[in-house]
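**Student:** Pasting a predicted model and its sequence here:
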Amino acid sequence: MHAALESLTILIAEDSAADRMLLSSIVRRQGHEVLTAANGAEAVEAFRQNRPQLVLMDAMMPVMDGFEAAQQIKALAGETLVPIIFLTSLSESEALARCLEAGGDDFLAKPYNQVILAAKIKAMDRLRRLQATVLQQRDQIARHHDYLLNEQRVAKAVFDKVAHSGCLNAANIRYLQSPYALFNGDLLLAAYTPAGDMHVLLGDFTGHGLPAAVGAMPLAEVFYGMTAKGYGLSETLREMNAKLKRILPVDMFCCATMLCLSFQSRSVEVWNGGMPDGYLHSIATGERTPLSARHLPLGVLSAQTFDDSTQVFPMAEGDRVFLLSDGVIDTCDANDQLFGVERLQRVFSDNREPDALFEEIGQALRDFGGETRDDVSMVEISLLETSPLIAPTPVYSDSGQSCPLDWSVGFEFRAATLKRFNPLPFLLQLLLEVHGLRTQSGALYSVLAELYSNALEHGVLGLDSSLKRDVSGFTRYYQQRNTRLDELQDGYVRVHLQVTPQGEGGCLVIRVEDSGKGFDVARVLDRPVDPVRLSGRGVSLIRQLGRNASWSDDGRSARVEFFWEALA
């Protein structure tokens with residue numbers, strides 16, 4: 001009530017002195033302050049100097065009529081609502097309409113009725129206050145919007161740096177990402193392992209925009225950190241699932257496909273949790289092997305019930321893996337028809353030039369002319385002929401002036417540990433405490449991985465490497481590996497590391513022993529390397545990357561050396 005009775009400053013523009021006095025008296029008795037003008041020009045000047053809150057304007061005045069004065073006052077007021085009530089003896093509809101077109105908000109017919117005048121002033125005051133409130137709220141919203149946009153820009157810059165800090169620019173990767181909002185709810189990550197293999201993850205969080213991207217930061221942190229340390233898919237997936245389960249609300253999760261592309265063994269290991277089918281495309285035969293979802297998304301299951309089992313497929317040079325998010329197949333046209341899996345399959349079938357397949361899928365989406373309902377992501381990863389051992393460059397906090405230089409340590413990993421623990425990252429981190437070995441981290445990890453894999457798979461589990469001569473045998477090999485590892489009751493793998501100073505540098509000796517039956521060392525060492533065969537490369541890789549590699553005890557014990565010189 002107090003606001004409704006607040007005193008206003010009202011400008012009265014009237015060429016009749018008697019009418020001015022009468023109106024001034026009426027308005028003052030209603031509790032308002034009064035300014036007066038005898039013509040339109042005086043009214044405009046009075047408004048410019050005093051900024052009254054309401055104007056009573058006579059339509060017909062000398063020098064400048066009320067219509068022109070009203071237009072100039074409205075221009076001076078800008079966004080602020082200054083109601084103008086025209087005072088007129090005009091009665092024709094066209095004349096009254098002209099009052100409103102000139103900027104008037106209402107009109108009052110002569111002779112003046114005090115009650116109606118008071119009611120109109122109050123009504124115009126309510127409109128004025130409402131307009132002021134709207135403008136104030138608009139400005140608040142605009143400031144808040146700018147604040148949020150700035151926050152999002154900063155967050156997106158950090159997000160992009162984290163999400164793209166891997167090897168997405170590698171020669172064998174092509175990708176397309178089209179976010180539905182400022183933030184992409186789809187997450188594409190790629191990074192090299194210490195052995196030079198490549199981990200790739202395509203994830204799709206629930207929803208899109210900033211809420212969907214919230215989980216991307218911790219997921220990327222786990223992905224890059226564990227990949228750089230040499231952890232495999234299973235360990236990385238378990239940690240990512242546990243982290244998302246712990247931090248995300250119950251209605252959020254991340255569908256994901258994660259793969260490990262091995263250039264040395266020419267294979268791809270795949271885990272698909274809730275994503276659309278990916279495809280392994282064989283260049284030689286044109287065959288497409290679906291990489292179907294066999295698991296629930298990340299962040300749904302507890303650590304105890306999470307399934308980290310993977311599939312392993314052989315790859316030949318030039319073969320490629322296609323991964324996509326559901327935004328691709330859910331793209332919808334004007335007739336509410338989806339792009340769908342069938343159209344995607346037709347693009348595969350019609351392709352005649354493998355190198356153009358990725359562009360053909362993108363072109364098919366553009367030709368479809370649909371609108372996306374979600375974030376769109378598509379990636380192609382091809383197997384190159386060779387890949388250098390690209391180890392992520394670790395950042396160390398120590399000065400590099402001191403390190404252990406004369407020591408040895410031994411480990412024996414028995415059945416219960418072999419079934420669920422990967423010791424390679426732990427062993428690598430231990431060795432990289434020796435500053436001289438840090439430049440050889442990729443080769444070190446590759447040799448350790450081959451020695452440990454041979455000891456576990458061929459020694460303890462008794463798997464026959466010759467199974468991997470063809471594609472079907474490759475699949476049987478990894479099926480047997482998983483089965484025998486689950487059923488393992490005894491056996492061991494021993495790892496012994498010895499570091500000794502030599503001149504200005506040093507020497508590392510790695511010995512790996514297993515409880516298996518051994519193998520014919522001479523026959524394997526004499527066998528020429530077959531570039532086509534899917535097995536038998538491990539021994540030659542160890543001899544290539546290490547020094548003085550040798551096997552004893554019927555192949556159950558392997559020994560290899562690494563040397564380094566003191567850094568200048």
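**Tutor:** In hand now; what should we look at?
**Student:** For the residue nearest to Gly462 when sequence neighbours are not counted, pull up the helix or strand it's in.
**Tutor:** Sequence neighbours aside, Gly516 is the residue nearest to Gly462 in space, at 6.3 Å (criterion: Cβ to Cβ, 6 or more residues apart in numbering). Where you see a C-beta, it was placed from the backbone N, CA and C, and this is true even at glycine. Gly516 belongs to no helix or strand when elements are defined using DSSP states H and E.
**Student:** Over to Val379?
**Tutor:** Val379 belongs to strand 376-382, assigned by DSSP H and E.
**Student:** packing partners for that strand?
**Tutor:** Where contact means 3 or more Cβ pairs under 8 Å, 6 or more residues apart in numbering; DSSP states H and E, strand 376-382 is packed against strand 173-178, strand 186-192, strand 198-205, strand 320-324, helix 326-329, helix 357-368.
**Student:** The fourth one pairs with which strands, and in what direction?
**Tutor:** Sheet neighbours of strand 320-324, with direction, are listed as strand 278-281 (antiparallel), strand 376-382 (antiparallel) (DSSP bridges).
**Student:** any idea how far the nearest residue to Phe339 once chain neighbours are set aside lies from Leu324?
**Tutor:** Sequence neighbours aside, Thr331 is the residue nearest to Phe339 in space, at 4.3 Å (criterion: Cβ to Cβ, 6+ apart). Per Cβ to Cβ, to the nearest Å, Thr331 is found 11 Å from Leu324.
**Student:** Same question for Phe306.
**Tutor:** 24 Å.
**Student:** same question, Val27
**Tutor:** 73 Å.
**Student:** who has more neighbours, these two?
**Tutor:** Neighbours per residue, other Cβ atoms under 10 Å: of Val27 and Leu324, the larger number sits with Leu324, 24 against 21.
**Student:** Can you name the residues bridging to that one?
**Tutor:** Met378.
**Student:** And Leu298, by the same measure?
**Tutor:** With DSSP bridges as the rule, Leu298 is bridged to Cys254.
**Student:** I figured it was touching Ala256, is that so?
**Tutor:** Yes - judged on Cβ atoms under 8 Å, Leu298 makes contact with Ala256 at a distance of 5.3 Å.
**Student:** what do these two both touch?
**Tutor:** Gly203, Met240, Gly273 (Cβ atoms under 8 Å, 6 or more residues apart in numbering).
**Student:** What segments of the stretch 1-150 of the chain are strands?
**Tutor:** For the stretch 1-150 of the chain, the strands defined by DSSP state E, counting those that start in this stretch cover 9-13, 33-37, 54-58, 84-88, 106-109.
**Student:** now do the stretch 451-568 of the chain
**Tutor:** 492-502, 505-514, 547-552, 557-564.
**Student:** helices or strands next to the longest one in the packing?
**Tutor:** Which is strand 492-502. strand 407-414, helix 415-418, helix 424-431, strand 505-514.
**Student:** tell me which residues in the third one are buried?
**Tutor:** Yep, that's helix 424-431 we're talking about. Going by neighbour count (16 or more other Cβ atoms under 10 Å), the buried part of helix 424-431 is Leu424, Pro425, Leu427, Leu428, Leu431.
**Student:** Out of those residues, which comes closest to Ala37?
**Tutor:** Pro425 (86.4 Å; Cβ to Cβ).
**Student:** returning to what we had before: can I get the strands paired with strand 320-324 in a markdown table including mean neighbour count and distance to Trp407?
**Tutor:** Converted to a markdown table, the strands paired with strand 320-324 look like this (neighbours: other Cβ atoms under 10 Å; distance: least, Cβ to Cβ, whole Å):
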| stretch | mean neighbour count | distance to Trp407 |
| --- | --- | --- |
| strand 278-281 | 22 | 45 |
| strand 376-382 | 23 | 41 |
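**Student:** Out of the helices and strands packed on strand 492-502, which is closest to Tyr231?
**Tutor:** Nearest of these (Cβ to Cβ): helix 424-431, 5.2 Å.
**Student:** Work out the gap between the closest one and the centre of the chain.
**Tutor:** 30 Å (Cα atoms, centre = their mean, to the nearest Å).
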